[in-house]
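Engineer: I'll drop the sequence and a predicted model, then ask my questions.
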Amino acid sequence: MNRTFDEIHVGDTSTLKRTLQAEDVKIFAIMTGDVNPAVLDPSSAEGGGQRQVMAHGMWSGSLISTVLGTQLPGPGTILIDQSLHFSRPVVLGDSLTVTVTVKKKFEHNRHILLDCVCVNQDGLQTVNGTAEVLAPSQKIQRLQRIELPDIRIDDKIERLNRLKARVRDLAPIKVAVAYPCDSESLRGPVQAWEAGIIEPVLVGPEERIRALAEENQLDLSRIRVVHAMHGRDAAAVAVSLARSGDAEALMKGSLHTDELLAEVVSGSSGLRTQRRISHVFVMDVPTYPGPLLITDAAVNIAPGLEEKVDITQNAIDLAHALGIPEPKVAILSAVETVNPKIPSTLDAAALCKMADRGQIKGGVLDGPLAFDNAVSLLAATIKGIRSVVAGQAEILVVPNLESGNMLAKQLEYLAGALSAGIVLGAKVPIILTSRADTAESRVASCVIASLVAQHRRALAASFPEG
């Protein structure tokens with residue numbers, strides 16, 4: 001309910017309390033476009049003498065407007081003039097008390113002058129000033145409060161920076177990049193090199209790569225370029241670098257996946273091991289509490305039970321490299337019960353029993369599980385599923401490539417997931433992303449490959465004869 005001009009008296013007052021959160025700073029920056037480094041960059045704030053990142057000055061001003069528009073005078077108020085003095089910064093965690101007090105009334109135009117003061121939790125004044133408003137002439141009484149929507153800040157760059165921080169203190173790994181001949185496939189490894197994640201060796205037509213770098217303003221002066229005629233030739237050279245130990249990982253550029261993997265699995269010159277190769281998407285989904293590994297969505301089209309054993313073990317080994325000691329593995333199907341008419345449910349049951357017998361090691365398996373039961377505790381509870389995996393899966397083993405690829409792409413394009421892609425089961429990890437993926441996705445994949453390579457180094461040091 002508002003207060004009309006006639007109902008307001010000099011000395012009337014109203015207050016509002018609000019604590020500054022990090023999300024408030026981000027939302028205000030998004031709304032206004034004000035990306036002042038003193039507000040958004042902690043290192044800049046420290047350099048400027050501030051103890052923390054501080055709020056935009058007009059965040060406090062907007063709280064004053066909130067009191068005027070919702071409390072005193074309330075709905076129907078029109079702001080005419082405002083003068084504010086900012087005496088000290090408001091930093092994250094500060095709790096402001098905003099007080100407006102009626103100072104003067106003007107009968108001839110029904111304007112009201114109010115004193116406005118903001119103080120922090122220590123009683124120190126942060127803002128003071130005045131506001132002149134046109135007070136409402138009619139009563140406005142809302143029977144129902146306007147409900148504002150929930151807002152979720154999806155800061156993909158911040159999530160990428162957190163991922164990159166995991167390898168900040170590690171030595172970069174050498175990566176042979178096969179045919180980086182479009183903007184994103186070249187920008188990705190260069191950005192990963194600038195971040196100290198990898199030491200790339202660019203393999204492909206040298207003149208074309210250097211021209212592309214110049215066009216995109218990328219500095220290749222300290223990056224090795226190995227000439228190769230075309231995509232298949234670049235794949236062969238990159239694989240040979242890995243075989244000789246000159247690279248600890250491979251990275252797909254703008255060539256077709258089949259071209260690269262054909263060289264990887266070549267019997268005489270490839271990188272095969274006794275393990276079947278498989279692909280894992282590592283997804284950072286804003287609405288999920290931890291990383292989600294999806295396999296296989298890019299290499300094995302319709303794997304049988306034997307292939308799924310290696311696919312599952314590869315994903316578990318990757319989870320170990322990512323710091324998940326005993327990952328929860330959900331074997332997905334359309335239903336959560338074994339049904340002889342749905343082969344994927346039979347495979348799921350068999351995989352779980354194989355894990356019980358030690359044929360799959362290092363993880364906790366359950367299945368078949370439908371997708372909702374795998375990632376939602378509520379869905380699992382409603383269906384009466386009792387499992388340490390249901391509702392909190394960290395690895396999703398999909399029935400086939402089509403279902404996995406669609407699931408991963410939906411999470412990326414509809415849920416804002418940060419995606420990384422890697423192929424395992426070869427002698428070195430293979431960074432495998434879609435040609436449509438951004439440079440950021442390629443950088444994230446480089447981080448995953450680095451963690452895998454570092455984990456393998458640690459295992460080799462612990463078991464030198466293994």
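Structural biologist: Thanks, I have the structure now.
Engineer: I'd say residue 426 and residue 278 touch.
Structural biologist: No: counting by CB atoms under 8 Å, residue 426 stays clear of residue 278, with 9.9 Å between them. In short, each C-beta sits where N, CA and C put it, glycine included.
Engineer: number of nearby residues for residue 134?
Structural biologist: For residue 134, the number of neighbouring residues by other CB atoms under 10 Å comes to 17.
Engineer: Now it: closest residue in space that isn't a chain neighbour?
Structural biologist: residue 78 (4.2 Å; CB to CB, 6 or more residues apart in numbering).
Engineer: phi, psi of that neighbour?
Structural biologist: For residue 78, the backbone dihedrals (degrees, to the nearest 10) come out as phi -120, psi 120.
Engineer: Show me this structure divided up by domain.
Structural biologist: 5-134, 158-272+434-466, 273-425 (automatic domain parsing).
Engineer: Straight-line length of the shortest one, end to end?
Structural biologist: Just to be clear, that refers to domain 5-134. 8 Å (CA to CA, to the nearest Å).
Engineer: Likewise for the longest one?
Structural biologist: Distances were taken as CA to CA; on that basis the terminal residues of domain 273-425 are 7 Å apart.
Engineer: per-residue confidence averaged over that domain?
Structural biologist: Domain 273-425 carries an average pLDDT of 95.
Engineer: From the chain's centroid, how far away is it?
Structural biologist: 20 Å (CA atoms, centre = their mean, to the nearest Å).
Engineer: rewinding a little: switch the domains of the chain over to CSV; also include distance to residue 152.
Structural biologist: Putting those into CSV (distance: least, CB to CB, whole Å) gives the following:
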stretch, distance to residue 152
domain 5-134, 9
domain 158-272+434-466, 13
domain 273-425, 7
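Engineer: For the residue nearest to residue 134, give its distance to residue 106.
Structural biologist: For residue 78, the distance to residue 106 (CB to CB, to the nearest Å) stands at 14 Å.
Engineer: Distance from the chain centre to stretch 239-248, please.
Structural biologist: 31 Å.
Engineer: ends of that stretch, how far apart?
Structural biologist: OK, stretch 239-248 end separation, CA to CA: 10 Å.
Engineer: ok, and for that stretch, which residues are buried?
Structural biologist: 239-242, 247-248 (16 or more other CB atoms under 10 Å).
Engineer: same deal with stretch 175-187?
Structural biologist: 175-181, 184-187.
Engineer: Same check on stretch 208-217?
Structural biologist: 209, 212-213.
Engineer: same check, this time on stretch 395-403
Structural biologist: Quick answer for stretch 395-403 (16+ other CB under 10 Å): 395-399, 401, 403.
Engineer: do the same with stretch 68-84
Structural biologist: In stretch 68-84, the ones that count as buried by 16+ other CB under 10 Å are 68-77, 82, 84.
Engineer: Tell me how far it lies from the chain's centre.
Structural biologist: With CA atoms, centre = their mean, you get 39 Å for stretch 68-84.
Engineer: swap in stretch 254-269?
Structural biologist: 30 Å.
Engineer: And it, what's buried?
Structural biologist: Neighbour-count burial for stretch 254-269 [16+ other CB under 10 Å]: 254-255, 257, 259-261, 263-264.
Engineer: Stretch 408-419 too?
Structural biologist: Buried-residue list, stretch 408-419, by 16+ other CB under 10 Å: 408-409, 411-412, 416-419.
Engineer: show me the contacts for residue 205.
Structural biologist: Residue 205 sits next to 181, 227-230 when contact means CB atoms under 8 Å, 6 or more residues apart in numbering.
Engineer: Restrict these to the buried ones and give me that as a PyMOL selection.
Structural biologist: Buried members of these, defined by 16+ other CB under 10 Å, are picked up in PyMOL with:
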select buried, resi 181+228
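Engineer: Narrow the contacts of residue 205 to those in strands?
Structural biologist: residue 227 (DSSP state E).
Engineer: need the contacts of residue 205 in TSV with pLDDT and distance to residue 329, can you?
Structural biologist: Below are the contacts of residue 205 laid out as TSV (pLDDT from 0 to 100; distance: CB to CB, whole Å):
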residue	pLDDT	distance to residue 329
181	94	37
227	96	43
228	95	39
229	92	43
230	93	40
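Engineer: Specify which member of the contacts of residue 205 is nearest to residue 12.
Structural biologist: residue 181 (70.6 Å; CB to CB).
Engineer: Quick check: the closest one touching residue 254?
Structural biologist: Yes: at 4.8 Å, residue 181 counts as touching residue 254 under the criterion of CB under 8 Å.
Engineer: show me what contacts residue 65?
Structural biologist: Residue 65 touches residue 79, counting by CB under 8 Å, 6+ apart.
Engineer: To which secondary structure element is it assigned?
Structural biologist: For residue 65, the element it lies in under DSSP states H and E is helix 57-70.
Engineer: Now the element after that helix, going C-ward?
Structural biologist: strand 78-86.
Engineer: All set now, cheers.
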